[in-house]
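K.L.:
need coordinates for the below:
(chains A and B)
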Amino acid sequence: MSLETVELRKAFGGVVALDGATVSFHEGEVNALIGPNGSGKTTFFNCVTGMIRADSGRVTYRGADITGKAPHAIARAGVGRTFQLCRVFPRMTALDNVLAAVRPKGLAGGLRGARHRAEVDRARGWLTRLGIEHLGDVEARAMSWGQQKLLELAGVLMGEPATILLDEPAGGVNPALLRRIGTLVRELNAEGRTFVIVEHNMDLVMSISDHIVVFDRGRPIAAGPPSLIRTDERVLGAYLGV
Amino acid sequence: MPSVSKGIGLLVLAAAVLSFPALAPNPYILSAGIVVLNYAVLSTSWNFVGGFTGYISLGHGALAGLGGYGTALLVTRAGLPSFVALAVAALCVAALAVPIGLAALRVRGASFVIVSIALVLILLLVFQSWASVTGGSRGLVVPRPFPGLLRPEHHRVFYYLFAGLLALALLAWWVIDRSRFGLGLKAIREDEDKAESLGTPTFTYKLIVFVVSAGFTALAGGLYALWFGDLDPVFQFSILTGSYLVLMALLGGVRNLFGPLAGALIVGTALEYFKGQFGNTPLHLVATGILLGLVVMFMPDGVLPAITGRWQRLRKTPESSIREVTAAELRTERERAEAKP
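P.N.:
Now for the predicted structure:
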């Protein structure tokens, strides 16, 4: 098991966003997290990555308890994430955006030049892999939405996470880029990375996932391979209201 | 910019700064030069926090005040030699910056600005009321480190001391600017939550750079105390000082190593000039306010970036525009889509 949560609960005032969510994602697979708008998917991501503190419940990663840890500690433990509304550093070049994911150790490591040769090569490698190497010296704010999404992913990958959480990777993306993202997830998964993807595009979800968890009103109502989820009555009910 | 012209620029700057005492026509102008250099050090010190992390502190005047009073009290009460007292006071202020930072750096944006103002106001009350130690509103006289020196010589020595401190602060800023630590700080300025999610311990980063900033600010404050020889809480713990530092850094350009220095040269000189012109009226504040308004409207990134930007356009460097990049990307996008149907 990769990421697991037990009875995760989070309320914003009277709105219960997570209502005792017990979920486990499979190591080495492409996991998808789907559900209607407002079913608590993004809140779930935020609790798991430490961005917001759950009211109760536990989060474990590869057996280690990461409940209540700081986001940077969870990132350093090997869980990377992207944001629903793609977040990059707007007034930094694409190369610096990726280099910002380098994690120096100690005083000497911190004071070493940011343009360290080996790291610049590695960063450019990720930009090349995502097809935006020609934008290395362009500020992120001058890039298109699709390019920014790829850049955000390049930054996350620079941190070499074993598990990657993607929040709506297909949101606002053209069909050509969508195919590229789908292929990329599959390739990176084949290299050993675990994925957890929140997504509304069912074609993408069904085509790339091994394991799907369905959320409704802050808790999972079904989990299984795409073939099972496609025909699950509770899932159809949650989505279509039948 | 090629490194040769950068080196030449640096040499010209250093020559201009170092030759000022010889060129100054009278001790008054020289002392005005010291005031401007003091602002340059303070503003550069402020820029460790403001420029890298984007946290706007209006409270840095208080850190300078603490450095000044610390130095003065260590000389008068503990009998330490002047410059030992200066170093010890700066270290104490840096240490004190840890708890201050732990509290203040928890909040962002406007809330941080307000907390930093509170720091100045609280310390003003403390230093005014605790008259048995600080001298209160009657002020505190600081013994001169070189009692044998005549006034012009005294100014000259302190001018070079301030220039040395400025060089040290600029060097430290430069080292951080090009480091991984600096890149992490700039990421915090751009998007703090995002930086944290990439694995940067943002709070620790902010705290470290705040302590460095406080240390340099205290050194400048202490040196000022030794030079000026008289401290008054109203001037040492004044919101105005912090506001001037912010104005100078913004005016020069906070993303630029020499931005705060350029801002201090402009604002510091303007302040001295306006004070001379308008005498003891608040009109110099009005003039400074108008200056800030103009800069924010026409050069939002500061004077230095505006000038270098114009310079680059004059030289017509083949810098690709945003439109060209997008077109190229569109083309490759199309080609890729056609290659893989």
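K.L.:
quick check: domain ranges of chain A?
P.N.:
A:1-78+A:161-242, A:90-159 (automatic domain parsing).
K.L.:
make CSV out of those and add mean pLDDT and mean neighbour count.
P.N.:
C-beta coordinates here come from the backbone N, C-alpha and C atoms, glycine included. Putting those into CSV (pLDDT from 0 to 100; neighbours: other CB atoms under 10 Å in any protein chain shown) gives the following:
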stretch, mean pLDDT, mean neighbour count
domain A:1-78+A:161-242, 93, 18
domain A:90-159, 95, 19
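K.L.:
chain A contacts on the stretch 151-300 of chain B?
P.N.:
B:175-176, B:178-184, B:186-187, B:190-191, B:193-202 (CB under 8 Å from any CB of the partner chain).
K.L.:
with adjacent residues omitted, what lies nearest to the residue in the stretch 1-150 of chain B that chain A sits nearest to?
P.N.:
Of all residues in the stretch 1-150 of chain B, B:G54 sits closest to chain A, with a separation of 10.2 Å (CB to the nearest CB). Taking CB to CB, 6 or more residues apart in numbering or on different chains, and ignoring the residues beside it in sequence, B:G54 has B:R189 as its nearest neighbour in space, at 3.6 Å.
K.L.:
looks to me like that neighbour is in a helix.
P.N.:
Yes - with DSSP: H, G, I helix; E, B strand; the rest coil as the criterion, B:R189 is part of a helix.
K.L.:
the most centrally placed residue in chain B: what's it in contact with?
P.N.:
Most central in chain B under CA atoms, centre = their mean is B:S43, positioned 1.7 Å from the mean C-alpha point. B:S43 sits next to B:Y244, B:L245, B:M248, B:A249, B:G252, B:P260, B:L261, B:G263, B:A264 when contact means CB atoms under 8 Å, 6 or more residues apart in numbering or on different chains.
K.L.:
cool, and A:N31?
P.N.:
Residues counted as contacts of A:N31 (CB under 8 Å, 6+ apart) are A:S2, A:F25, A:T194, A:F195, A:V196, A:I197, A:S209, A:D210, A:H211, A:I212, A:V213.
K.L.:
again, 10 Å this time
P.N.:
Contacts for A:N31 (CB atoms under 10 Å, 6 or more residues apart in numbering or on different chains) come out as A:2-3, A:23-25, A:163, A:165, A:194-197, A:209-213, A:223.
K.L.:
ok, then the element right after the one helix or strand it maps to?
P.N.:
Assigned by DSSP states H and E, A:N31 belongs to strand A:30-34. Where DSSP H and E defines the elements, the next helix or strand beyond strand A:30-34 is helix A:41-48.
K.L.:
and the strands in chain B?
P.N.:
Assigned by DSSP state E, the strands in chain B fall at B:140-141, B:230-231.
K.L.:
those strands: which one's closest to B:L105?
P.N.:
Nearest of the strands of chain B to B:L105, taken as CB to CB: strand B:230-231 at 27.9 Å.
K.L.:
that closest one pairs with which strands, parallel or anti?
P.N.:
strand B:140-141 (antiparallel) (DSSP bridges).
K.L.:
got a list of contacts for the strand it pairs with?
P.N.:
Here strand B:140-141 has contacts from B:68-69, B:72-73, B:76, B:127, B:131, B:133-135, B:225, B:229-233, B:236, using CB under 10 Å, 6+ apart.
K.L.:
which single one of the contacts of B:S43 is nearest to B:D301?
P.N.:
Nearest to B:D301 among the contacts of B:S43, counting by CB to CB, is B:G252 at 10.1 Å.
K.L.:
any low-confidence regions in chain B?
P.N.:
In the predicted model, chain B carries pLDDT under 70 at residues B:1-2, B:316-334, B:336-341.
K.L.:
B:A24 contacts B:G33, doesn't it?
P.N.:
Yes - assessed by CB atoms under 10 Å, B:A24 is found in contact with B:G33 at 6.2 Å.
K.L.:
the more surrounded of those two?
P.N.:
Higher neighbour count among B:A24 and B:G33: B:G33, with 22 against 18, using other CB atoms under 10 Å in any protein chain shown.
K.L.:
quick check: closest non-adjacent residue to that one.
P.N.:
B:F20 (5.4 Å).
K.L.:
mind listing what the one you found touches?
P.N.:
By CB under 10 Å, 6+ apart, the contact list for B:F20 reads B:I29, B:L30, B:G33, B:I34, B:V36, B:L37, B:Y159, B:A163.
K.L.:
report the buried members of those.
P.N.:
B:L30, B:G33, B:I34, B:V36, B:L37, B:Y159, B:A163 (16 or more other CB atoms under 10 Å in any protein chain shown).
K.L.:
excluding its backbone neighbours, what's nearest the fourth one?
P.N.:
Once flanking residues are discounted, B:V36 sits nearest to B:G268: 3.6 Å by CB to CB, 6+ apart.
K.L.:
now do the contacts for the one you found.
P.N.:
Going by CB under 10 Å, 6+ apart, B:G268 touches B:A32, B:G33, B:V35, B:V36, B:L37, B:N38, B:Y39, B:A40, B:S43, B:Y244, B:M248, B:L261.
K.L.:
the residue lying closest to the fifth one once chain neighbours are set aside - how many residues pack around it?
P.N.:
Going back to what we said before, that points to B:L37. Using CB to CB, 6+ apart and skipping the chain neighbours, the partner closest in space to B:L37 is B:F162 (4.1 Å). When counting by other CB under 10 Å, one arrives at 24 neighbours for B:F162.
K.L.:
was I right about B:F162 contacting B:L30?
P.N.:
No - under the criterion of CB under 10 Å, B:F162 makes no contact with B:L30, lying 11.4 Å away.
K.L.:
which phi and psi does residue 143 have?
P.N.:
No chain specified, so I'll use chain A. When read as degrees, to the nearest 10, the backbone of A:M143 gives phi -90, psi 160.
K.L.:
wait, chain B was what I had in mind.
P.N.:
The phi/psi pair for B:P143 (degrees, to the nearest 10) reads phi -60, psi 140.
K.L.:
spatially central residue for chain A, please.
P.N.:
Note: chain A centre (CA atoms, centre = their mean) maps to A:L165, 1.9 Å.
K.L.:
distance of the closest residue to that one other than its chain neighbours from A:L3?
P.N.:
Closest residue in space to A:L165, ignoring its immediate chain neighbours: A:R81 at 4.1 Å, by CB to CB, 6+ apart. A:R81 is 11 Å from A:L3, where distance means CB to CB, to the nearest Å.
K.L.:
what's the longest helix in chain A?
P.N.:
Using DSSP state H, we find that the single longest helix of chain A is helix A:175-190.
K.L.:
so does it get close to chain B?
P.N.:
Yes - for helix A:175-190 and chain B, the contact criterion (CB under 10 Å from any CB of the partner chain) is met by A:P175, A:A176, A:L177, A:R179, A:R180, A:T183.
K.L.:
what's the closest of these to chain B?
P.N.:
A:A176 (4.2 Å).
K.L.:
these two touch, right, the closest one and A:G146?
P.N.:
Yes - counting by CB under 10 Å, A:A176 touches A:G146, with 9.0 Å between them.
K.L.:
need the buried ones among the contacts of B:F20 in CSV with distance to B:G61, can you?
P.N.:
Shown next, in CSV, are the buried ones among the contacts of B:F20 (distance: CB to CB, whole Å):
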residue, distance to B:G61
B:L30, 24
B:G33, 21
B:I34, 18
B:V36, 16
B:L37, 17
B:Y159, 22
B:A163, 22
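K.L.:
what's the most distant pair in those?
P.N.:
Pairwise across the buried ones among the contacts of B:F20, and taking CB to CB, the largest span is found between B:L30 and B:A163, at 12.3 Å.
K.L.:
mutual contacts of these two, please.
P.N.:
If you check B:L30 and B:A163 against CB under 10 Å, 6+ apart, the residues they both contact are B:F20, B:P21.
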